[in-house]
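Chemist: Predicted model, plus sequence, below.
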Amino acid sequence: MKPSLSYQDISLVPRNLSQVNSRQEIDLSLNLESNGVSYNLRLPVFPAPMDTICSLEMCQILSNNGMLGMIHRFQPIDKRKESFKSLKNDGFDAAIAVGLDEKEIINEFYNSGARAFIVDVANGFNTAVEPTIKQILDFKNTYIICGNVDSEEGFKYLSDLGVDAIRVGIGSGSMCTTSIMTGVGQGIVSSIQECRGIKEKIGSKSLIIADGGIRAVGDIAKALTVGADAVMVGRMLAGTKEAEGNILKYNGKLYKAYRGSASYAVQQKRGKNPYYVEGDETIVEYKGGVQNILDQIDAGLRSSMSYMAANNLNELKKNGSYVIKHNVS
């Protein structure tokens, strides 16, 4: 049996002579290109499509930073449409999160100009996703993100369906209790490595989005080093001014709510069974504007890549090396 590794279990080790003269010369960009659609991201980071993260204001800030926001699906349809229309009117763009029972809604969004879709389901390794993926692929000029999967079998399944970017990781998120409630999931580093292996073996063009477990910028660097093309973050953006939700005051400090997409509150809001949940709920200390977080990610990645002799993300994967910090089972 192989050990199940998470970010906390490994540490990056420089083993190549760095020729990085200036951190500012490092290229952090990631190009998303498929079916006539192209997005050039300044940072390889996506926001988690959660209702306490992806507000309209968050999407605007991300777009200003050359990133792609997400319009989450845990809100009334009319509000989703209004948010997307408002973004488009202001010259911004965002991916639209959709469920498996939203055929007409997908049609409406596409006709309104949406081209990037995220099929937001807990288990992407399921035949239930096929009709939705096929519907989006039948349109011209679309980009599809789907997940989550946790194995090479799941990655290959979605890649074969034509998914452009695949969310990898089950039970790794700080607000996800899937592993506790179901016993399903492995360490996120092991998940990324397994999916990277099958991606290279079959020559897949599908991107790996490491989803869950990111606590600090160093974790983003680790994810990109072991094989992810991008990461999806929730907690890092939670509690910011632009994150959706009201500011709370408790014991003289300011907080904002943060909860998983399968938490009690979200399940209840959607009319689902709220008594079996796979998501947690908490409050996080208020962090101020999200721009500070994005600047920290930018600076931290540049510093890490300079140590790892990497001028761009491809070189980071090529030159990356790590050690296991302690015995893991």
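Modeler: Perfect, thanks for sending it.
Chemist: Show me where the stretch 151-300 of the chain has its strands.
Modeler: With DSSP state E, counting those that start in this stretch, the ranges of strands along the stretch 151-300 of the chain come out as 165-168, 207-211, 230-233, 247-250, 253-259, 281-285.
Chemist: and among those, the most buried is which?
Modeler: strand 165-168 (a mean of 30; mean count of other C-beta atoms under 10 Å). (Each C-beta comes from the backbone N, C-alpha and C, glycine too.)
Chemist: which helices and strands does that strand pack with?
Modeler: Under the contact criterion of 3 or more C-beta pairs under 8 Å, 6 or more residues apart in numbering; DSSP states H and E, strand 165-168 touches strand 143-149, helix 152-161, helix 188-202, strand 207-211.
Chemist: ok so, going back, so which of the strands of the stretch 151-300 of the chain comes closest to N31?
Modeler: In terms of C-beta to C-beta, the element of those nearest to N31 is strand 207-211, at 9.9 Å.
Chemist: Skip the chain neighbours and tell me the closest residue to A228.
Modeler: Taking C-beta to C-beta, 6 or more residues apart in numbering as the measure, A228 lies nearest to A210, with 3.8 Å between them; neighbours along the chain are not counted.
Chemist: same check, this time on E57
Modeler: When the adjacent residues along the chain are set aside, E57 lies closest to E242, with 4.2 Å between them (C-beta to C-beta, 6+ apart).
Chemist: Please tell me how far the one you found sits from Y286.
Modeler: Using C-beta to C-beta, to the nearest Å, one obtains 12 Å as the distance from E242 to Y286.
Chemist: do the same with Q296
Modeler: Distance from Q296 to Y286, counting by C-beta to C-beta: 16 Å.
Chemist: Between the two, which has more neighbouring residues?
Modeler: Looking at Q296 and Y286 with other C-beta atoms under 10 Å, you find the greater number of neighbours at Y286, namely 16 against 13.
Chemist: How about the contacts made by that one?
Modeler: With C-beta atoms under 8 Å, 6 or more residues apart in numbering as the criterion, the residues that contact Y286 are 239-241, 247, 253-256.
Chemist: neighbours around the nearest residue to L12 once chain neighbours are set aside, how many?
Modeler: Distance criterion C-beta to C-beta, 6+ apart; nearest residue to L12, sequence neighbours excluded, is Y322 at 5.1 Å. For Y322, the number of neighbouring residues by other C-beta under 10 Å comes to 17.
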